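> I would like to see how this sequence folds:
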Amino acid sequence: MKEYGVFLPVANGGWIVSRTTPLLDGGWAQNRDAALLAEAECFDFVMAMGKWRGFGGDTSHWGTSLEAVTMMAGIAAVTSKVKIWATLHAILHNPAVAAKMISTLDHISGGRAGLNIVAGAYRGEFEQMDAWDENLSHDARYDLTEEWTKIVKRLWTEPGVSFDGKYFTFRDCVSEPKPLHRPFLICAGMSARGFDFSVRECDGCFIGGSDAAETRAASLRAKALAKELGKTIRTYCMMTVITGTTDAEAQARAQTYREGLDEGAVRGMLESYGLSGNAMTERSQNAFMTQTVVGSPATCASRIEQFLRDCEIDGLMFIFDDYSQGLRVTGREILPALRRAFA
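I've put the predicted structure just below:
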């Protein structure tokens, strides 16, 4: 069964780096209203990322954001059906604290909690708060995250946890209450080590690619590795949807956003990814940060269906320029078509 979720606008500007998009302020009201609307329109899950520093530029893109777990606890209290996925960083949150935070979220939500695990890749975010270890390489951060995840899982199921690892030492650590169910675990690691961690330790992984062929290859790779490990894995992709009454109207909106590109914020973003020189130049002209479909609802539904079939993925996490308009149109005119297609 395909799943369709919403990436909440937890940070200002959302996922389009432009001066001309509708205002997304990263505030509580917009996120609460988006989650309530997602539930009313029968989306399967809502997710919030954890962000600690923005990218600058004219828009100070992602410079303002709410803390993910706290915000999702508020959303859990005002919703009743939609799954609630929050984000924690393994290099920032002690695993015993993380286990209790997500267990608390699970109790507030009545068993709907999920956890997006991030190893912590962007030096500037953590260096500013003295949380960056120079001695940890990229792969070592995933080694740490793997230990962290194993401890969290055990704390959710065992009365006491003792653990002697390279990065954590626990002595009969207790964590009560246990979650109402084991929260769904997901990660977006796409490096070789990150990919291995995501498939090995999680229930789902976010994948990506520059086109459908790359996305398909990543999905099939994840499923093949899971099979080798004697388990299954669900694969998801992010998808920005821009709709209009007609294809021309939607394309005109998308072009307005392209013309409003915040070059300074894109440069800041790419620098945080470790890109520079020619690589940065090649990627700095696109305001859209994810796979994007643009058109009338019927056109978008057709293109999304084809993307899902081509890529052999299990679900999409939608992003919108205007969440109020986008959620309504997608929920009422696009999701029904997709659900019929994959019934």
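
> Tell me which other helices or strands the helix or strand hosting Gly124 touches.
When secondary structure is defined using DSSP states H and E, the element that contains Gly124 is helix 123-127. Using 3 or more C-beta pairs under 8 Å, 6 or more residues apart in numbering; DSSP states H and E as the contact definition, the elements that helix 123-127 packs against are helix 263-272. Where you see a C-beta, it was placed from the backbone N, CA and C, and this is true even at glycine.

> at 7 Å instead, please
Contact here means 3 or more C-beta pairs under 7 Å, 6 or more residues apart in numbering; DSSP states H and E; on that basis helix 123-127 packs against no helix or strand.

> Past it, which element shows up next along the chain?
Scanning forward in sequence from helix 123-127, with DSSP H and E defining helices and strands, the next element found is helix 138-155.

> The residue nearest to Leu136 when sequence neighbours are not counted: what's it in contact with?
Leaving out its chain neighbours, the residue that sits closest to Leu136 by C-beta to C-beta, 6 or more residues apart in numbering is Leu144, at 6.7 Å. By C-beta atoms under 7 Å, 6 or more residues apart in numbering, Leu144 lies in contact with 90-91, 136, 167.

> same question, Leu316
Contacts for Leu316 were tallied using C-beta under 7 Å, 6+ apart; they are 4, 236-237, 239.

> Which two of these have the greatest separation?
The two members of these with the most space between them (C-beta to C-beta) are Tyr4 and Cys237, at 11.3 Å.

> Find me the pLDDT at the closest residue to Tyr167 other than its chain neighbours, would you?
Nearest-residue entry for Tyr167: Leu144, 4.4 Å, with adjacent residues in sequence omitted and distances by C-beta to C-beta, 6+ apart. Taken from the predicted model, the pLDDT recorded for Leu144 is 97.

> Which of the contacts of Leu144 sits closest to His107?
Checking these one by one against His107 (C-beta to C-beta), the nearest turns out to be Ala90, at 22.5 Å.

> any low-confidence regions in the stretch 101-250 of the chain?
In the predicted model of the stretch 101-250 of the chain, no residue satisfies pLDDT under 70.

> mind redoing it with 90?
120-125, 134, 189-191, 208-211 (pLDDT under 90).

> All the helices of it, residue numbers only.
Secondary structure of the stretch 101-250 of the chain (DSSP state H, counting those that start in this stretch): helices located at 123-127, 138-155, 192-201, 212-228, 247-259.

> Pull out the buried positions in the last one.
Applying a neighbour-count criterion of 16 or more other C-beta atoms under 10 Å, the buried positions in helix 247-259 are 250, 253-254, 257.

> quick revisit: most neighbours among the contacts of Leu144, which one?
Top of those by neighbour number is Ala90, holding 24 neighbours under the definition other C-beta atoms under 10 Å.
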